[in-house]
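A.B. asks: my questions concern the predicted model and sequence given below.
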Amino acid sequence: MSELRDRVLRNGYLVADAGMTWDDFLLASEDFGPVLFREDVRLYRSKRGVHQPAGLGFHTDYPGARFVGWWCVWQDEQGGVLDLVDGRLAASRVSAASASRLRDTNIVGFGRDPLPSVHWPLLFHTPPDATQYINYNPFGVPASPHHDTTSALLEFRLALREQFNETGVSIRLQPRQALWIDNWRMLHGRAALTADSGRFLKRLWLDDLRAPRPWERLLGVEAGAGPAPTEPHQVQ
C-alpha cells in the first residue's frame, strides 16, 4: 500500500504542499490507481453545476471513483473554498431505521463518457469488508421518494451539517497545490463563486485496484449486475 493512499484511507483526505507541478500531481496520483476520468473545473457555459457559480451542497462524485484528486491552476483572491465532511461519521448519527432505509435507496451516480451513469445505494459496504461507505448527491435522489425515504434523507442531511460543524474541514487550494479525498467517505461542497470567478482546478477520478471493486458491478462488468445504467438528467 502506498504512503499517499494509506494516509487518505486513514484520514479521509490529504493536502499536498504548494509547489507541485501538474506532472508531479499525475505521478503522485498513480499511487491511488488508474485515472478513470479527468476534467477542468472552472466556470463556463454549461448546465452542469460544477461549472456554474452557484454553491454546491455536500456530495460525493461518481461512485466508481474510490478517490478524487484536484490540482489548483488558479484561485480567486477570495472564496473558492472546498468544504469536506466525513460522511461515515455523519451516517453513524442517523437512526437504525433511517440507515436501513438509506441502504435501500439508490442514488444516481452521473457518469462522463465513456463511464455510464449508474444506480448505487446511498449507504453500502464491500464484502467481506463491513465498513460503511457513502454514495450521495442531491441531484441523484429518486424523483418521488417514499415518505420514509424522504425522512431518512432529511435526517442524513442534518447529520452532515452537524458533523461538519464539529469536525468539518475547509480547504482553499492555492496554485500548484493538490488535494485527494476518499470519495466513498468524504463529501465535498463549496459556497457560491462570483460570476467572473477565475478559479480553475483540474480534477481526476481515480480507481482503486487494491480493494474490493463494487464499481465493476455498477458498470455491468459482472453478469447479473444490478439495475441497468441510466442517462443523467442533471449533473452536479
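C.D. replies: The structure has been received and is ready for your questions.
A.B. asks: alpha carbons only for contacts and neighbour counts from here, please
C.D. replies: OK.
A.B. asks: which residues in this structure form helices?
C.D. replies: Counting by DSSP state H, the chain has these helices, from start to end: 3-11, 22-29, 87-91, 96-103, 147-167, 215-218.
A.B. asks: pick the most deeply packed of those helices.
C.D. replies: Between the helices of the chain, helix 87-91 has the highest mean count of neighbours, a mean of 23, where neighbours are mean count of other CA atoms under 10 Å.
A.B. asks: other SSEs contacting that one?
C.D. replies: Secondary structure elements in contact with helix 87-91, counted by 3 or more CA pairs under 8 Å, 6 or more residues apart in numbering; DSSP states H and E, are strand 133-134, helix 147-167, strand 186-190.
A.B. asks: among these, which comes closest to Trp74?
C.D. replies: Set against Trp74 and scored by CA to CA, the helices and strands packed on helix 87-91 come closest in strand 186-190, at 16.0 Å.
A.B. asks: and that closest one with helix 3-11, angle?
C.D. replies: Between strand 186-190 and helix 3-11, the angle formed by their directions is 90 degrees, by axes from the mean of the first three to the mean of the last three CA atoms, to 10 degrees.
A.B. asks: what lies in contact with strand 186-190?
C.D. replies: The contact list for strand 186-190, computed with CA atoms under 8 Å, 6 or more residues apart in numbering, reads 12-13, 55-60, 80-88.
A.B. asks: mind checking which of those residues are buried?
C.D. replies: In those, burial by neighbour count holds for 12-13, 56-60, 80-88, counting by 16 or more other CA atoms under 10 Å.
A.B. asks: mind picking the two most distant members of these?
C.D. replies: Distances among the buried ones among the contacts of strand 186-190 were taken as CA to CA; the most separated pair is Gly80 and Arg88, at 24.8 Å.
A.B. asks: report the central residue of the protein.
C.D. replies: In the chain, the residue lying closest to the centroid (CA atoms, centre = their mean) is Thr60, at 2.4 Å.
A.B. asks: who does the closest residue to that residue other than its chain neighbours bridge with?
C.D. replies: Across the structure, with CA to CA, 6 or more residues apart in numbering as the measure, the residue nearest Thr60 apart from its sequence neighbours is Leu187 (5.0 Å). Leu187 has the following beta-bridge partners by DSSP bridges: Val85.
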